[in-house]
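Trainee: After the sequence you'll find the predicted model.
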Amino acid sequence: MKQNAKDDRKGAAVSRMTIRKKVFLVLLLFTIVTLVLFWLFQVILFGVVYRTVRINELKATANYIVGESESLSFYDTVSRAAAKNDLAADIFSADGSLDYPKNSQLDRNSILSAMESAELASFVTKTDETWKGTVIYGVIYGDVEEEYTFFEPVSSAYRLPEDASVLLVTRFERAGEGYYLMLDGSAQLAGTVLKTNTSFLLLVDILLFLLAILFSFFLSKFIADPIAAINKEAKKLSHGSYEGVAGGTRELDELNETLTNAAKELAKVENTRKELIANLSHDLRTPLTLIKGYTEMMRDLPGEATPENFQEVIDETERLTSLVNDMFDISRLESGHMEPRISRYCLTSSIAATVTRYGDFAAPKGYHILLEPTEEEVFVNADETMITQALSNLLNNAMTYTGEDKTVTVRQKVWKDSGRVRVEVSDTGCGIEADKLPLIWERYYKVDAAHKRAAVGNGLGLSIVRGILEMHGGSYGVRSTPDKGSTFWFELPLA
């Protein structure tokens, strides 16, 4: 338990680390690892790479010289090849006498020149005893001897200095006689180069480390500061306000734009919430007040307990039920819990049944629900219950805002060329101004703040219509002329 608590505290400490510190530490760690690897590769592998390259260089030179052994300008070829590759070249005959250089003196850059005459003779004799073939390479690097083919290590008395490069011995024949070509690459001392390289790398690594610290600091600041500024402003989102800040990168600018849009949406939601509270207060308070008033009147005045007063109480109760049901439907639509059950059915018959039902219900209140005749029946693939609900909400809306004649007209139009059917619901009311038409489908939007009480419905129906039609992939819209009424419509594809 104690260990778990300690781990939790460590995790909390890490989570509290600022992004600037995290970026700085990550970049710094990356730099340190890179420099360490760079140092290891340069210091440890440098000698191996240098040795391999130098051996290959000597072998290529030896091959070239041996290939020119029978040429008349052979000694000039040896001189040019050795000078070109910065090598010391000596040629001994099989009896151990020096054949090249011709001045009877070894190349002064050769390791062999440091040997006493007896040592040199012994070395050449040892070589002659060891080599049993021609053009076979024997290489000695520093104090490490490598065996190539039949080459056997020379006596320990003739080990080369630790900082020497490579000594390559090649046997070849010239004019029928045996010779030994000895190429020495110790003019370029590997040890000296390695020490120089190490010192240089140490200086470079120190400078790179200091530059890395500065780079990590400024880069972390460049990344963290905009994020910190955006985070500071984002804390204001709960109040619906957000002032954009410069991100400095495309991703941060996109984040800033997203938060700006979110702030606008939150402000819109806040305004909608306030409007919703006002509308619901109105829609709930009025029927509740009427229900209370009628029941108190019927309680205190026995003569007022008439069927008409009971009907008023029932009507207001139905209005409250309708409001609650519509709010529940909107919640289900927006949460995605309302899914259509698609089936093929006759839309024409469904429209007629809905209009008949609404006509019987609204006739006692003086409303006229008219269905224009249609010549044919059409079928659609949709959820009949949901489409009927959409039509019912349009009827409720039309009955709410129709004119003094209380007339609502329903039409069905078919376009076979495009394979679609349109259902229209028209009223004779005051119409809607053009600038308000795009807003009427929004949640809880009221064209008039002091909105008229609906004869049927509660003013939330259009947002439900929109949700149902979008769920079916249908289209919807409205045509309205001030003082001449409005026509709401929706379209579905024919089955």
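Mentor: Arrived safely.
Trainee: C-alpha only now, for contacts and for neighbours.
Mentor: Noted.
Trainee: and after the helix or strand of the chain with the lowest mean pLDDT, which helix or strand comes next?
Mentor: Scoring the helices and strands of the chain by mean pLDDT, DSSP states H and E places strand 144-146 at the bottom, with a mean of 40. Downstream of strand 144-146, the first helix or strand assigned by DSSP states H and E is strand 166-174.
Trainee: can you list the domains in the protein?
Mentor: The chain breaks down into these domains under automatic domain parsing: 86-188, 240-334, 339-493.
Trainee: how about JSON lines for those domains, with distance to Ala229 and mean neighbour count added?
Mentor: Formatted as JSON lines, the domains of the chain follow (distance: least, Cα to Cα, whole Å; neighbours: other Cα atoms under 10 Å):
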{"stretch": "domain 86-188", "distance to Ala229": "59", "mean neighbour count": "17"}
{"stretch": "domain 240-334", "distance to Ala229": "7", "mean neighbour count": "15"}
{"stretch": "domain 339-493", "distance to Ala229": "34", "mean neighbour count": "17"}
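Trainee: got these as CSV, with distance to Tyr64 columns?
Mentor: Rendered in CSV, the data for those read as follows (distance: least, Cα to Cα, whole Å):
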stretch, distance to Tyr64
domain 86-188, 11
domain 240-334, 60
domain 339-493, 83
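Trainee: how about the strands in this protein?
Mentor: Taking DSSP state E, the strands of the chain run over residues 88-93, 98-100, 138-141, 144-146, 166-174, 177-184, 343-346, 368-371, 379-382, 407-415, 420-427, 475-481, 485-493.
Trainee: Mean confidence (pLDDT) on the third one, please.
Mentor: This points to strand 138-141. For strand 138-141, the per-residue pLDDT values average out at 44.
Trainee: what does stretch 427-442 give?
Mentor: Computed over stretch 427-442, the mean pLDDT rounds to 85.
Trainee: Now do it: distance from first to last residue.
Mentor: Length of stretch 427-442, first residue to last, Cα to Cα, to the nearest Å: 20 Å.
Trainee: Name the surrounding residues that touch it.
Mentor: Residues from elsewhere that reach stretch 427-442 (Cα atoms under 8 Å, 6 or more residues apart in numbering): 398-399, 401-409, 445-447, 462-463, 466, 478, 480-487.
Trainee: Hmm, Ala390 and Ile351 touching each other?
Mentor: No - in this structure Ile351 lies outside contact range of Ala390 using Cα atoms under 8 Å: 10.9 Å.
Trainee: Tell me how many other residues crowd Arg20.
Mentor: When counting by other Cα atoms under 10 Å, one arrives at 21 neighbours for Arg20.
Trainee: okay, it: pLDDT?
Mentor: Note on Arg20: pLDDT of 71.
Trainee: which residues sit in contact with it?
Mentor: Here Arg20 is in contact with Ser220, Lys221, Ile223, Ala224, Asp225 (Cα under 8 Å, 6+ apart).
Trainee: How many residues are close by the third one?
Mentor: I take that to be Ile223. Residues near Ile223, counting by other Cα under 10 Å, number 17.
Trainee: Could I get the contacting residues of it?
Mentor: With Cα under 8 Å, 6+ apart, Ile223 has these contacts: Arg20.
Trainee: Same question for Ser350.
Mentor: Glu384, Thr388.
Trainee: State the distance from the nearest residue to Arg466 once chain neighbours are set aside to Leu469.
Mentor: Closest residue to Arg466 apart from its sequence neighbours, by Cα to Cα, 6 or more residues apart in numbering: Trp441 at 6.6 Å. Noted for Trp441: a distance of 12 Å to Leu469, by Cα to Cα.
Trainee: mind showing which ranges of the stretch 151-300 of the chain have poor pLDDT?
Mentor: 151-166, 186-198, 238-249, 272, 275-276, 279-280, 282-283 (pLDDT under 70).
Trainee: nearest residue to Tyr367 other than its sequence neighbours?
Mentor: Tyr367 sits nearest to Lys406 (Cα to Cα, 6+ apart), 4.9 Å away.
Trainee: Tell me the bridge partners for the nearest residue to Ala89 once chain neighbours are set aside.
Mentor: Distance criterion Cα to Cα, 6+ apart; nearest residue to Ala89, sequence neighbours excluded, is Leu183 at 4.7 Å. Under DSSP bridges, the beta-bridge partners of Leu183 are Ala89, Leu168.
Trainee: surely Leu183 meets Leu167?
Mentor: Yes - judged on Cα under 8 Å, Leu183 makes contact with Leu167 at a distance of 5.8 Å.
Trainee: OK, contacts around Glu377?
Mentor: Applying Cα under 8 Å, 6+ apart to Glu377 gives the contacts Cys346, Leu347, Thr348, Ser349.
Trainee: try Asp90
Mentor: Applying Cα under 8 Å, 6+ apart, we find Asp90 in contact with Leu98, Asp99, Tyr100, Pro101, Leu106, Asp107, Leu181, Met182, Leu183.
Trainee: What is the nearest of the residues you listed to Arg332?
Mentor: Leu183 (91.2 Å; Cα to Cα).
Trainee: what residues are up against that closest one?
Mentor: Leu58, Ala62, Leu87, Ala88, Ala89, Asp90, Leu167, Leu168, Val169.
Trainee: do His472 as well
Mentor: By Cα under 8 Å, 6+ apart, the contact list for His472 reads Pro340, Ala382.
Trainee: and the gap between it and Thr388?
Mentor: Distance, His472 to Thr388, using Cα to Cα: 13 Å.
Trainee: same thing with Ile369?
Mentor: 16 Å.
Trainee: again with Thr260
Mentor: With distances taken as Cα to Cα, Thr260 is found 40 Å from Thr388.
Trainee: how many neighbours does the nearest residue to Leu25 once chain neighbours are set aside have?
Mentor: Of all residues beyond its chain neighbours, the one nearest Leu25 is Ser216 (7.9 Å), with distances taken as Cα to Cα, 6+ apart. For Ser216, the count of nearby residues is 22 (other Cα under 10 Å).
Trainee: if I read this right, Ser216 contacts Phe24, doesn't it?
Mentor: Yes - the criterion here is Cα under 8 Å, and Ser216 meets it with Phe24 at 5.1 Å.
Trainee: Next, please give the residue ranges for the helices of the stretch 151-300 of the chain.
Mentor: Here the stretch 151-300 of the chain has its helices, by DSSP state H, counting those that start in this stretch, at 190-234, 250-300.
Trainee: elements contacting the longest one?
Mentor: Okay, so that is helix 250-300. Helices and strands touching helix 250-300, by 3 or more Cα pairs under 8 Å, 6 or more residues apart in numbering; DSSP states H and E, are helix 190-234, helix 307-335.
Trainee: The residue lying closest to Glu68 once chain neighbours are set aside: neighbouring residues, count only.
Mentor: Once flanking residues are discounted, Glu68 sits nearest to Phe74: 6.2 Å by Cα to Cα, 6+ apart. As a burial measure, Phe74 scores 16 neighbours (other Cα under 10 Å).
Trainee: separation between Phe74 and Glu384?
Mentor: Counting by Cα to Cα, the gap from Phe74 to Glu384 is 105 Å.
Trainee: Same check on Gln311?
Mentor: Distance from Gln311 to Glu384, counting by Cα to Cα: 31 Å.
Trainee: now Gly185
Mentor: Counting by Cα to Cα, the gap from Gly185 to Glu384 is 96 Å.
Trainee: ditto for Asp86
Mentor: Distance of Asp86 to Glu384, computed by Cα to Cα: 96 Å.
Trainee: Repeat that for Gly96.
Mentor: 113 Å.
Trainee: And for Tyr401?
Mentor: Distance of Tyr401 to Glu384, given as Cα to Cα: 26 Å.
Trainee: repeat for Ala234
Mentor: 45 Å.
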